[in-house]
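Student: Requesting a structural model of the entry that follows:
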Amino acid sequence: MKKTKKMSGTKKVAIGAGVATLAAGAYYLFGPKAKTHQKQAKALVVKIKKEVEEEIKKAKTKTAPVYHKVVDTISANYAKQYKIHENDIKALSKKLKSEWEGISKKVTKTAKDLKKKTT
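Tutor: Sure, this is the predicted structure:
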């Protein structure tokens, strides 16, 4: 006979909460006021990206760990402020971390340009 594993009550609750969150997010982004909510989410993404770029430009050392720490800090702050977009902010944070190479080139290029202008 095969043994069947029974799911615990806490796992069932966690799965139910996850499904409810997903449904609420879908309703928020695709419901009656979808266009407005999508614009707000897009504006938030642009704001976070801009703030990350500004902070990394201010940093003395521009390395991947420093960049990841900046992204984590800023995304945590926005996740607290905008609870409804928390999952979107986490996904954006993950995406930004994966884009380190492109951003590092952009940051070093602007740093070189600034150095040329000052000399």
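Student: Downstream of the lengthiest helix in the chain, the next helix or strand is which one?
Tutor: Taking DSSP state H as the assignment, the helix of the chain that covers the most residues is helix 34-58. Under the assignment DSSP states H and E, the closest C-terminal helix or strand after helix 34-58 is helix 64-81.
Student: residues of that following helix that come out buried?
Tutor: Y67, V70, V71, I74, S75, Y78, A79 (16 or more other CB atoms under 10 Å). Where C-beta positions appear, they are placed from N, C-alpha and C, glycine not excepted.
Student: if I look at the second one, how far off is K42?
Tutor: Taking CB to CB, to the nearest Å as the measure, V70 falls 21 Å from K42.
Student: just checking, what packs against the longest helix of the chain?
Tutor: Helices and strands in packing contact with helix 34-58 are listed as helix 9-30, helix 64-81, helix 86-98, helix 100-118; criterion 3 or more CB pairs under 8 Å, 6 or more residues apart in numbering; DSSP states H and E.
Student: weakest of these by average pLDDT?
Tutor: In terms of mean pLDDT, the lowest-scoring of the helices and strands packed on helix 34-58 is helix 9-30 (a mean of 63).
Student: for P32, helix, strand, or coil?
Tutor: With DSSP: H, G, I helix; E, B strand; the rest coil as the basis, P32 sits in coil.
Student: Just give me the neighbour total for it.
Tutor: P32: 8 surrounding residues under other CB atoms under 10 Å.
Student: how near is it to L44?
Tutor: Note on P32: its distance to L44, by CB to CB, is 20 Å.
Student: And T36, by the same measure?
Tutor: Remark: distance between T36 and L44 (CB to CB) = 13 Å.
Student: The two: who's more crowded?
Tutor: Neighbours were counted for T36 and for L44 using other CB under 10 Å; L44 has more, 17 against 9.
Student: Please verify my assumption that the more buried one contacts Y82.
Tutor: Yes - look at L44 against Y82 with CB atoms under 8 Å: they come within range, at 6.4 Å.
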